[in-house]
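K.L.:
I'll drop the sequence and a predicted model, then ask my questions.
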Amino acid sequence: MPYLVECLASVERQTLDPARMEVIAVDDGSTDGTGEYLEEFAARAAMPVTVIHQENSGGPSGPRNVGLGKAAGRYVFFLDADDRLGPEALERMVAMADKNGTDVVLGKVEGINRKPPKSMWHKTLNRTDVFSSNIKFTLSAQKLFRRALLEQHGMRFDESLWTGEDALFTMEAYLRADGVSVVADYPCYYLVGREDGKHVTKTGSYTLRFDSARALMNLIADMVPAGPRRDTLMVRPFLVTLLPQFGPKFLKDSEEVRRHKMELAQPLMDTHWNPEVARRLRVHERLRLHLVAVQRPGPLVDVIEFVRAKKQAGALLEKRGTHVYLVYPHFRAKAAGIPDWIYLAEPREARAVEGYREEAANTFLRRAVRRMRRTLPTRGVKAAAV
């Protein structure tokens with residue numbers, strides 16, 4: 001409360017026939033009148049409403065699992081009490097899933113006093129997957145899921161996680177789904193920023209973020225064989241979950257907390273960090289995570305301060321303009337011992353540098369690959385699909 005009032009009003013405004021909807025509301029030990037308001041809503045709503053009252057669980061996983069266990073519809077949608085739906089949201093998402101036979105549907109998210117994810121809403125997609133789109137960067141639970149998919153695989157939210165439980169659930173659904181749809185031409189979901197700032201995703205100890213990163217990395221490693229597809233997905237936990245722990249807030253941490261963060265990160269870096277994941281990141285992101293991997297907090301602080309100050313890294317062009325090195329702190333400093341390739345910009349960054357020759361760089365790369373192939377043994381070796 002009071003966000004719940006507008007949340008439920010958005011449910012009542014749905015253009016989907018109320019006879020095709022059911023609402024399962026889990027009152028997770030609220031003390032602000034939420035339980036009473038839910039009962040009032042159930043008494044007047046046009047669609048069937050089930051209200052469940054329980055002791056506070058401390059997180060969203062338990063209530064969601066309770067609701068999921070009661071659900072009987074073909075699809076389920078997890079609506080947070082702070083947020084609201086666009087009037088045509090459920091009608092459009094259900095129609096999209098029915099039309100394309102997809103198991104997960106993403107509806108465009110807009111923010112009210114909050115910044116929503118943006119990179120996946122450029123185009124409506126009837127059918128896509130987690131490898132060929134940007135949907136890996138929206139792993140919140142606010143999606144339409146085909147309930148048969150969840151039941152077939154016994155999918156539930158991990159109640160041992162206090163944050164990031166939705167990322168784990170949604171990534172698994174993406175990977176198991178027979179297709180994913182994206183509704184990008186209509187705002188389906190409004191992500192509402194609370195005035196008190198008390199969002200679950202913004203609270204809790206930093207150790208919870210490492211728990212979340214570990215769980216998501218392990219899930220990806222368990223479900224996707226080693227190779228480019230796994231590396232593509234690993235970008236998400238490294239970039240969104242882990243890297244912020246080594247951003248500006250790291251500068252404010254005590255020496256003890258800094259050491260603890262480096263310790264927590266080390267097994268994750270040892271297990272899941274590799275050059276193919278690294279090259280998918282921008283140079284300053286790759287550089288910070290490299291310094292975490294090699295346990296160098298001193299140079300790491302220098303890089304964070306440089307980035308926080310919004311300084312422009314110089315550019316060094318070599319090999320006739322085919323290589324662009326971005327000169328962040330400790331570039332080619334012998335004492336730091338950081339490999340040059342950490343500073344080497346991929347084409348998406350290098351294109352901003354005057355004098356970069358992308359076509360020549362691609363030719364250079366193809367020649368390098370051909371040279372490498374000529375040095376490999378060919379007899380008795382079977383080709384591997386990638």
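P.N.:
On my side now, so go ahead.
K.L.:
The lengthiest strand in the chain: what's the following helix or strand?
P.N.:
In the chain, taking DSSP state E as the definition, the longest strand is strand 180-192. Sequence-wise, the next helix or strand beyond strand 180-192 is helix 206-223, with elements assigned using DSSP states H and E.
K.L.:
Residue ranges in this protein under the pLDDT threshold?
P.N.:
Low-confidence segments of the chain, defined by pLDDT under 70, are located at 196-204, 361-386.
K.L.:
swap the cut-off to 50 and go again
P.N.:
Applying pLDDT under 50 to the chain flags residues 369, 377-386.
K.L.:
Now for the residue nearest to the spatial centre of it: which residues touch it?
P.N.:
The residue at the geometric middle of the chain, judged as the C-alpha nearest the mean C-alpha position with CA atoms, centre = their mean, is residue 137 (3.7 Å). By CB atoms under 8 Å, 6 or more residues apart in numbering, the residues touching residue 137 are 117, 119-120, 236, 240. For the C-beta atoms, the positions are set from N, CA and C on the backbone; glycine is no exception.
K.L.:
out of the residues you listed, who has the most neighbours?
P.N.:
Highest neighbour count within the contacts of residue 137: residue 236, with 23 neighbours (other CB atoms under 10 Å).
K.L.:
Surely that one and residue 134 touch.
P.N.:
No. Contact between residue 236 and residue 134 fails when scored by CB atoms under 8 Å: they sit 9.9 Å apart.
K.L.:
related to what we said a few turns ago, farthest pair in the contacts of residue 137?
P.N.:
Greatest spacing in the contacts of residue 137, by CB to CB: 120 and 240 (13.1 Å).
K.L.:
who touches stretch 260-276?
P.N.:
Outside of stretch 260-276, the residues that reach it under the criterion CB under 8 Å, 6+ apart are 206-207, 210, 213-214, 217, 221, 228, 231, 234, 238, 242, 245-246, 250, 253, 289, 292-293, 295, 297, 341.
K.L.:
how about 6 Å then?
P.N.:
Outside stretch 260-276, the residues within contact range by CB atoms under 6 Å, 6 or more residues apart in numbering are 210, 217, 231, 234, 245, 292-293, 295, 297.
K.L.:
Put together CSV for the residues you listed, with neighbour count and secondary structure on each row.
P.N.:
Conversion of the contacts of stretch 260-276 to CSV gives the following (neighbours: other CB atoms under 10 Å; DSSP: H, G, I helix; E, B strand; the rest coil):
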residue, neighbour count, secondary structure
210, 21, helix
217, 22, helix
231, 19, helix
234, 22, helix
245, 20, helix
292, 24, helix
293, 17, helix
295, 13, coil
297, 16, helix
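K.L.:
could these go into a markdown table alongside distance to residue 145?
P.N.:
What follows is the contacts of stretch 260-276, written out as a markdown table (distance: CB to CB, whole Å):
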| residue | distance to residue 145 |
| --- | --- |
| 210 | 27 |
| 217 | 23 |
| 231 | 26 |
| 234 | 24 |
| 245 | 30 |
| 292 | 34 |
| 293 | 35 |
| 295 | 40 |
| 297 | 41 |
